[in-house]
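In: Got a predicted structure here, sequence first:
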Amino acid sequence: MLQAKQEHTETPNPGDESTARPNLTSRVITASPIYYGWVIVFAGIVGRLMTSPGQTYTISIFIEHFIRDLGVSRSMVSTLYTIGTMTAALSLPFVGRQLDRRGPRFIVGVVSVLFALACVYMSTIQNAFMLGIGFVLLRTLGQGALGMVSGNIINQWWVRRRGTILGMAGVVTALLGNGMFPSLAHGLIGAYGWRSSYLMLGGMLAAIMVPMGLLLYRWQPEAYGLKPDAGKAKESTIGNDEPLEENWTRAEALRAPSFWIIALGLSSIAMLSTGLQFHMVSIFADSGLSEAAAATAYLPLSATLAVVMLLSGILLDRVPVRYLLFAALIGQTLSLLAAPRLTGQATALAYGIVLGATGGLQNMVGQVVWANYFGRKHLGAIMGVSSLVTIAGSSLGPLPMGIARDAMGSYQWALTVSAILPFALAILALFAKRPQREPAIEV
């Protein structure tokens with residue numbers, strides 16, 4: 001009876017160091033024939049893959065159908081998407097605090113059910129107001145909450161090998177998410193219409209993510225008497241002088257300049273990449289390329305994304321994170337300059353590769369940096385704020401591009417001017433070193 005009770009109570013004593021005293025048991029973990037961190041990697045991959053109906057790369061395939069069938073302008077859809085994504089961002093600090101307090105099983109169970117219902121709701125929308133509500137739900141529950149909890153659990157179970165493990169996970173999610181979901185959505189819409197397609201996506205979420213999350217998601221290993229990295233992370237330092245892990249509170253992290261440099265760098269990439277992907281079909285059409293070509297362009301994008309995530313994940317275990325953020329911001333600059341200048345399939349392929357490399361670097365930096373810089377104890381709260389900044393940025397991407405397209409008949413001016421922002425932040429990123437606490441003053 002005690003074991004069964006503990007199995008369903010995943011709230012460590014808030015006064016304890018979460019990495020110090022085990023106080024939970026789990027029959028699932030005990031029965032696992034392998035280190036449970038590998039099961040967490042699998043569960044986290046599935047969770048991140050299931051965020052796809054709420055990601056821009058999938059929603060972008062539906063945009064032209066919203067415009068045509070609901071009788072709304074591109075600027076209106078862009079505005080609604082901005083509002084929806086911004087509203088989603090505002091909820092993430094709350095979700096992060098609840099994740100630290102209640103644990104991943106509770107959060108993933110609630111979020112998965114609501115996300116599936118949100119997809120069902122999307123099949124019923126009739127006007128711009130309902131579309132705006134749908135964007136709020138998809139972005140809050142998919143890209144926001146489910147993405148955050150799925151990344152958080154992998155960070156909790158891996159420390160020394162965090163970059164490599166997340167890079168390996170990123171390969172799978174890039175190929176199956178970015179690579180397959182746009183084509184899947186395009187195929188479903190062609191065969192069944194966009195409303196039935198959303199019903200099918202909701203059914204898939206309910207059938208896969210709800211039982212998967214409740215069965216496999218678990219708190220950090222120390223809570224079950226285990227260690228991170230399959231019990232091999234026993235050394236107290238990384239290299240010669242850096243501690244393996246130093247836990248910062250959210251307030252402490254927010255006072256570190258490097259937090260804001262990195263958060264703003266990631267936010268700018270999210271903003272501009274979201275704008276590019278949201279208007280992907282229209283950008284390609286301006287260059288004489290079809291909707292099918294736009295959907296197909298996600299294939300080289302996702303392949304590059306996968307390779308870069310794997311390589312950058314390995315590098316992040318060896319190279320300061322600020323260098324990879326610098327490279328991501330330079331890649332974003334190049335993609336903005338290239339997007340309005342596509343001249344055919346070859347340049348579209350190169351564009352997809354650059355966009356994929358940028359996304360891969362940004363993804364890995366965003367997944368690894370907060371746990372590396374500020375530890376795991378308050379990771380949910382810290383990621384809640386960083387996700388707020390990043391997703392708020394992503395909410396601003398589609399609107400100016402949509403307005404520019406409607407007003408000027410072209411994306412070229414808006415995209416070229418936008419390239420200044422990531423270039424400037426790339427320079428600042430070189431100074432975003434891992435923060436060190438000031439030594440206590442003896443009195």
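Out: Sure, I can see it.
In: who touches stretch 169-177?
Out: 41, 44-45, 48-49, 51-52, 55, 57, 154, 302-303, 305-307, 309-310, 313, 356, 360, 363-364, 367 (Cβ atoms under 8 Å, 6 or more residues apart in numbering). Using the backbone N, CA and C atoms, a C-beta is placed for each residue, glycine as well.
In: And it, how far out from the chain middle?
Out: Between the centre of stretch 169-177 and the centre of its chain there are 12 Å (Cα atoms, centre = their mean, to the nearest Å).
In: Could I get the average pLDDT for it?
Out: Mean per-residue pLDDT for stretch 169-177: 82.
In: what's the span of that stretch from first residue to last?
Out: 12 Å (Cα to Cα, to the nearest Å).
In: coming back round to it: can I get the buried ones among the contacts of stretch 169-177 as something I can paste into ChimeraX?
Out: Buried subset of the contacts of stretch 169-177, written as a ChimeraX selection, criterion 16 or more other Cβ atoms under 10 Å:
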select :41,44,45,48,49,51,52,55,57,154,302,303,305,306,307,309,310,313,356,360,363,364,367
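In: So which of the contacts of stretch 169-177 are in helices?
Out: 41, 44-45, 48-49, 57, 154, 302-303, 305-307, 309-310, 313, 356, 360, 363-364, 367 (DSSP state H).
In: which ones are touching Pro104?
Out: 10, 149, 152-153, 213, 217-219.
In: Tell me the spatial nearest neighbour of it, not counting adjacent residues.
Out: Tyr217 (4.2 Å; Cβ to Cβ, 6 or more residues apart in numbering).
In: What separation is there between Gly134 and Ser273?
Out: Per Cβ to Cβ, to the nearest Å, Gly134 is found 22 Å from Ser273.
In: The two: which has the busier surroundings?
Out: Ser273 (25 against 22; other Cβ atoms under 10 Å).
In: right, and the more buried one touches Asn363 too?
Out: No - Ser273 is not in contact with Asn363 according to Cβ atoms under 8 Å; the separation is 10.4 Å.
In: May I see the buried residues of stretch 111-121?
Out: Buried, per 16+ other Cβ under 10 Å, within stretch 111-121: 111-116, 118-119, 121.
In: count of neighbours near Phe94?
Out: Residues near Phe94, counting by other Cβ under 10 Å, number 13.
In: Read off the pLDDT value for it.
Out: 90.
In: I'd like the contacts of Pro104 as TSV, with secondary structure and neighbour count appended.
Out: Formatted as TSV, the contacts of Pro104 follow (DSSP: H, G, I helix; E, B strand; the rest coil; neighbours: other Cβ atoms under 10 Å):
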residue	secondary structure	neighbour count
Glu10	coil	19
Val149	helix	28
Asn152	helix	26
Ile153	helix	26
Gly213	helix	27
Tyr217	coil	25
Arg218	coil	25
Trp219	coil	22
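In: And those, which is closest to Leu399?
Out: Distance to Leu399, by Cβ to Cβ, is smallest for Val149 among the contacts of Pro104, at 28.0 Å.
In: Do I have it right that the closest one meets Leu99?
Out: Yes - Val149 lies in contact with Leu99 (Cβ under 8 Å); the separation is 5.8 Å.
In: joint contacts of these two?
Out: Ile107.
In: quick one, helices of the stretch 201-350 of the chain?
Out: 250-254, 257-278, 280-286, 291-316, 321-338, 345-374 (DSSP state H, counting those that start in this stretch).
In: can you pull out the strands in the chain?
Out: 237-238, 242-243 (DSSP state E).
In: For the last one, the averaged confidence score.
Out: If I follow you right, that is strand 242-243. Computed over strand 242-243, the average pLDDT equals 46.
In: do the same with the first one
Out: Along strand 237-238, the predicted confidence averages to a pLDDT of 39.
In: again with stretch 271-288
Out: For stretch 271-288, the per-residue pLDDT averages 82.
In: neighbours around Gly344, how many?
Out: 11.
In: contacting residues for it?
Out: With Cβ under 8 Å, 6+ apart, Gly344 has these contacts: 287, 289.
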